[in-house]
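A.B. asks: predicted structure and sequence below. I'll ask about it afterward.
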Amino acid sequence: MTARLEIVVLAAGQGTRMKSDLPKVLHPLAGRPLLGHVIATAGALCPARTHVVYGHGGERVLTRFPDANVLWVEQAERLGTGHAVMQAMPGVDDAAVVLVLYGDVPLVPTDLLQPLVAAATTGALAILTVELANPKGYGRILRNEQGAVLGIVEEKDASDAQRGIREGNTGILAAPAHRLRAWLAALKNSNAQGEYYLTDVVAMAVAENLPVVAHCAQDEDDVLGVNDKLQLAHLERVYQRRQAERLMREGVTLLDPARFDLRGTLECGCDVTIDVGVVIEGHVKLGDRVTVGAHCCLRDVELGAGTQLRPMSVLEEALVGPDCRIGPFARLRPGTVLAGHAHVGNFVELKNAQVGEGSKVNHLSYVGDTVMGRDVNVGAGTITCNYDGANKHRTVIGDRAFIGSDSQLVAPVEIGADATIGAGSTVTRDAPAGDLTLSRAPQKSIAGWKRPVKKPKAAG
């Protein structure tokens, strides 16, 4: 029978080396707070309960995760990792297995944690270690001549010989709850830091002849923590490289995987091509044969099959049909819906606009709060004047209408099907279907008119 699993996440650290007012566990990695990655990993293990121990910036931490399925536990005084786990133990069932994770160690895969839980279920203390090229800052794993784990020594308490050990402690462990509770109660703080070290429970287990099982991570990036902005940047690139490699294995063409950022989820069809510098946020879905040009930003967007997104375009909460052409330098704001074969060109901004099949808005235009039919042509410099300073109003443009360049459509207004709006017009009333509507001052020429000239400067 599988033991009940309870997870304790330690997230109370101040993170002084981050040089930031933001609590360390809220710093983003791939668009999600560090702690968010750890909570997601905990959830993937299907625990009975997850306890998050918070301290520095507590209110901000809780506010950032209002819907998280966790129990929040405050560590008012930060007296070490052992003390932090103690704060959660009153809420832990004695019959459970406890897995301890860290809110600033975001990339631990579940397949490294499952063997720890399995070992603890048999009554052992299980720890996760890692072989490090440079173990500076890590506690060292002490073993006897037969290779059995004897204990862990923190670097500040280690001898010169012990500092030469390359097997480091990740801090992640699993243990039967009743045993962990007893060990924590026996912790002392007689060390260089004056703290209650969680790592001391290893020596206690050895003293009780309890099995101590050490699993060694093969990739140190899996278990690296974040203590400063340099380490955060390193793990960001690790994460992005892994996402890029996964996408390429699934058939996506990334023209330079080192210049690609996924800060959410990406679903791709067949033969999708993504150029350099593209940033994906939220949930993005790209249909078959979609191409995304260089330095585009997409958030919560769906692009239909065959659509071409040209460079430097920004799309947010937009739904785009098949075989559309967008950009370069286009912006699709929330609520934009393009039917198939629509064109949105350079320096065009759309907001809460529905663009019908085959319609074109190709140059230097703003279209907001608009419903546009099919095969409409919107000329360069057109503006839908949708805001009166207090309220938004809608513009309706019928099928096959032609909007001349530099026109202003003052909403609420309706342009009928097959209507033509002459260039330079300001339209304040509905334009009848099939008719030409103009709004222009008469053109006149003044013979003999001379431009003013500057007076010559006085000598001087």
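C.D. replies: Here it is on my side, so go on. Bear in mind the structure is a predicted one, so any value in this text is a computation, not a measurement.
A.B. asks: secondary structure element holding V130?
C.D. replies: Assigned by DSSP states H and E, V130 belongs to strand 125-131.
A.B. asks: so which elements touch the helix or strand following that strand?
C.D. replies: Counting by DSSP H and E, the next helix or strand C-terminal to strand 125-131 is strand 140-143. On a contact count with 3 or more Cβ pairs under 8 Å, 6 or more residues apart in numbering; DSSP states H and E, strand 140-143 meets strand 149-153, helix 160-163, strand 167-176. To be clear about C-beta, it is placed using only N, CA and C from the backbone, and glycine gets the same treatment.
A.B. asks: could I get the buried residue list for the first one?
C.D. replies: This means strand 149-153. Buried residues in strand 149-153, counted by 16 or more other Cβ atoms under 10 Å: 149, 151-153.
A.B. asks: which of those residues sit farthest apart?
C.D. replies: Pairwise distances across these peak at 11.8 Å for V149 and V153 (criterion: Cβ to Cβ).
A.B. asks: any residues in contact with both of these two?
C.D. replies: L142 (Cβ atoms under 8 Å, 6 or more residues apart in numbering).
A.B. asks: about what we covered before: need the helices and strands packed on strand 140-143 in JSON lines with mean pLDDT and distance to R394, can you?
C.D. replies: Below are the helices and strands packed on strand 140-143 laid out as JSON lines (pLDDT from 0 to 100; distance: least, Cβ to Cβ, whole Å):
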{"stretch": "strand 149-153", "mean pLDDT": "90", "distance to R394": "67"}
{"stretch": "helix 160-163", "mean pLDDT": "91", "distance to R394": "71"}
{"stretch": "strand 167-176", "mean pLDDT": "95", "distance to R394": "56"}
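A.B. asks: most packed of those?
C.D. replies: When you average the neighbours per residue for each of the helices and strands packed on strand 140-143 (mean count of other Cβ atoms under 10 Å), strand 167-176 leads with a mean of 24.
A.B. asks: relative to strand 125-131, how tilted is the next helix or strand after that one?
C.D. replies: As assigned by DSSP H and E, the chain's next helix or strand after strand 167-176 is helix 177-185. Calculated by axes from the mean of the first three to the mean of the last three Cα atoms, to 10 degrees, helix 177-185 forms an angle of 70 degrees with strand 125-131.
A.B. asks: L173 bridge partners, please.
C.D. replies: Beta-bridge pairing of L173 under DSSP bridges involves V100, I127.
A.B. asks: check V153 too.
C.D. replies: R140.
A.B. asks: from A203, how far off is A174?
C.D. replies: For A174, the distance to A203 equals 17 Å [Cβ to Cβ, to the nearest Å].
A.B. asks: what do you get for D369?
C.D. replies: For D369, the distance to A203 - Cβ to Cβ - is 69 Å.
A.B. asks: equivalent analysis for A423, please.
C.D. replies: In terms of Cβ to Cβ, A423 sits 84 Å off from A203.
A.B. asks: what of L29?
C.D. replies: 34 Å.
A.B. asks: of the two, which one has the most company?
C.D. replies: Comparing L29 with A203 by other Cβ atoms under 10 Å, the one with more neighbours is L29, at 21 against 17.
A.B. asks: contacting residues around the more buried one?
C.D. replies: Here L29 is in contact with 37, 106, 226, 232, 235-236, 239 (criterion: Cβ under 8 Å, 6+ apart).
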